[in-house]
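Q: With the sequence up front, the predicted model follows.
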Amino acid sequence: MIVTAGRVLACERSAPPEVAGRWEFPGGKVEPGETDAQALARECAEELGVRVRVGARIGPDVPLAHGRAVLRVFTVTLLNGDEPRALEHAAMRWLAADELDSVPWLPADQPIVAELPVLLAEGAA
Ligand SMILES: Nc1nc2c([nH]c(=O)n2[C@H]2C[C@H](O)[C@@H](COP(=O)(O)OP(=O)(O)OP(=O)(O)O)O2)c(=O)[nH]1
């Protein structure tokens, strides 16, 4: 989860068809031999073209529908003034706390998104 000036970066999936058009936090699967933080930093570079420092975990681990993995979200800080670009997503938006419901999040994200207004108010980044 990337937060800048009280807004969280939401990304629209372009594929596969069953989840295209749904919104998510940038990230992806942990590869063998990677830590969670290494995987997240790699995915941020691949998907957004940014360098990041991975911070604290937020929200619960949410089991994914297929039951073989969990969704785990961390705060990350952008490094060196890097600005995210949607290299693999259909679109990207910076959402304020009162705009979180303006996009259709993936189902697994909803318990985490529900905690964001409090985290944003606390200045999580
Ligand atoms: N990155 C991300 N994935 C999410 C979120 N919510 C959610 O249900 N998912 C699911 C979608 C996918 O089934 C899985 C992440 O897989 P992915 O396809 O993004 O992973 P990846 O980048 O490694 O892709 P690939 O190499 O397997 O093609 O987690 C979310 O907020 N962010």
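A: Arrived safely.
Q: How many residues are close by residue 16?
A: Using other Cβ atoms under 10 Å, residue 16 has 7 other residues around it. C-beta: built from backbone N, CA, C; applies to glycine.
Q: That one sits in which helix or strand?
A: For residue 16, there is no helix or strand it lies in under DSSP states H and E.
Q: List of residues touching stretch 90-101?
A: For stretch 90-101, contacts defined as Cβ atoms under 8 Å, 6 or more residues apart in numbering pick out 4-14, 20-21, 84-86, 102-103, 113, 116-117, 120-121.
Q: Can you point out the buried residues in that stretch?
A: Of all the residues in stretch 90-101, those buried under the rule 16 or more other Cβ atoms under 10 Å are 92, 95, 100.
Q: Any part of it near the ligand?
A: No. On the criterion Cβ under 6 Å from any ligand atom, stretch 90-101 is out of touch with the ligand, staying 12.8 Å away.
Q: contacting residues for whatever residue of the chain ends up closest to the ligand?
A: Nearest to the ligand, among the residues of the chain, is residue 28, at 2.5 Å (Cβ to the nearest ligand atom). For residue 28, the contact set (Cβ under 8 Å, 6+ apart) comprises 39, 43, 46, 47.
Q: so which of the residues you listed are also by the ligand?
A: residue 43.
Q: how about the contacts of residue 28 in a markdown table, adding neighbour count?
A: Below are the contacts of residue 28 laid out as a markdown table (neighbours: other Cβ atoms under 10 Å):
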| residue | neighbour count |
| --- | --- |
| 39 | 17 |
| 43 | 19 |
| 46 | 12 |
| 47 | 19 |
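Q: In CSV: the contacts of residue 28, plus pLDDT and secondary structure.
A: Formatted as CSV, the contacts of residue 28 follow (pLDDT from 0 to 100; DSSP: H, G, I helix; E, B strand; the rest coil):
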residue, pLDDT, secondary structure
39, 98, helix
43, 98, helix
46, 98, helix
47, 98, helix
